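any chance you can model this:
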Amino acid sequence: MSKLFKMVILGSPGSGKGTISSRIVRDFGLTHLSSGDVLRSQIIKKTELGVTAQKYMKQGQLVPDKLMVDLITSELAGLETSRWLLDGFPRTKPQAEALHQHDKLDLVLSLEVPDEVIIERIKGRWTHLPSGRIYHTEFNPPKVAGVDDVTGEPLVQRVDDSPESVAARLKVYATNTDPLKEFYTQLGLLQTFHGTESNEIWPRIHKYLHTLMPALSGPF
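Numbers count the residues shown, from 1 in each chain. Take a look at the predicted model:
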């Protein structure tokens, strides 16, 4: 197996990025690094970077590019492996440029799922707020419609999951990510995979990754 393999995965909210990332980790042995997990970890540990990031978050502001770069590169430097998958970072072209100065990537995967498919998919999500358990009317329905399996308490649909909110988030994602994709295209790193669901896209991603490094297991 190759000693080094550094990659980033891009995908809009609801594109199945989490599912694909977990399968890449399972089948190719990379360490998964999520920007959200890094932020939470640094905040819990009360590191200098974490405390500073939390101040922005408490004010409802985005964490500045330079601070996010420092957080992620600090976390990467602390890994015991040079084989990793970055998820949720970079989000902007300046972040990508800064990461490129710190680490040279081998690959950037971009999941391309039609907006209308994502909106329809997320529209079916229902949540049990006290526990965070998520159900889906089609893919993971509760045993009794509208109530949590464990407590019997009512499920709600989060405001963020309304079609209008999802459409707005997708628009913001495209605005931020298009320059990012152009940057990685110019570097010859971007590989795009189109589809409507993870089980359709994953075998093609697995086949492609297998041309770059040995797989630990098959695509399913």
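
contacts only, for the closest residue to Leu107 other than its chain neighbours.
Leaving aside its chain neighbours, Leu107 sits nearest to Met7 (4.3 Å; criterion: CB to CB, 6 or more residues apart in numbering). Where C-beta positions appear, they are placed from N, C-alpha and C, glycine not excepted. Counting by CB atoms under 8 Å, 6 or more residues apart in numbering, Met7 makes contact with Leu30, Trp84, Leu85, Leu86, Leu105, Asp106, Leu107, Val108, Leu109.

now do 10 Å
The neighbours of Met7, taking CB atoms under 10 Å, 6 or more residues apart in numbering as the test, are 24, 28, 30, 83-87, 105-109, 189, 191, 209, 212.

what do you get for Thr151?
Contacts of Thr151 by CB under 10 Å, 6+ apart are His128, Pro130, Ser131, Arg133.

again, but for Val63
Contacts of Val63 (CB under 10 Å, 6+ apart): 35, 39, 49, 52-57, 69-71, 91.

where does it sit, in terms of helix or strand?
Taking DSSP states H and E as the definition, one finds Val63 inside no helix or strand.

for Arg23, see how far away it is.
Per CB to CB, to the nearest Å, Val63 is found 28 Å from Arg23.

Leu170 and Ser12 touch, don't they?
Yes - Leu170 is within contact range of Ser12, at 5.5 Å (criterion: CB atoms under 10 Å).

between those two, which contacts overlap?
By CB under 10 Å, 6+ apart, the residues touching both Leu170 and Ser12 are Val113, Asp115, Ile118.

which one of these sits closest to Ile201?
Nearest to Ile201 among these, counting by CB to CB, is Val113 at 8.0 Å.

tell me the helices and strands packed up against the helix ranked longest in the chain.
Ranked by residue count under DSSP state H, the longest helix found in the chain is helix 163-186. Contacts defined by 3 or more CB pairs under 10 Å, 6 or more residues apart in numbering; DSSP states H and E place helix 163-186 against strand 5-11, helix 93-102, strand 107-112, helix 115-123, strand 190-194.

mean pLDDT and distance to Arg204 for these - can I get that in TSV?
Shown next, in TSV, are these (pLDDT from 0 to 100; distance: least, CB to CB, whole Å):
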stretch	mean pLDDT	distance to Arg204
strand 5-11	96	14
helix 93-102	94	24
strand 107-112	97	11
helix 115-123	89	17
strand 190-194	97	6
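
right, and these - which one's nearest Lys45?
helix 93-102 (21.2 Å).

same for the closest one, what does it pack against?
Under the contact definition 3+ CB pairs under 10 Å, 6+ apart, helix 93-102 sits against strand 5-11, helix 65-77, helix 163-186.

next, the buried residues of that helix.
Lys93, Pro94, Gln95, Ala96, Ala98, Leu99 (16 or more other CB atoms under 10 Å).

thank you kindly, that will do.
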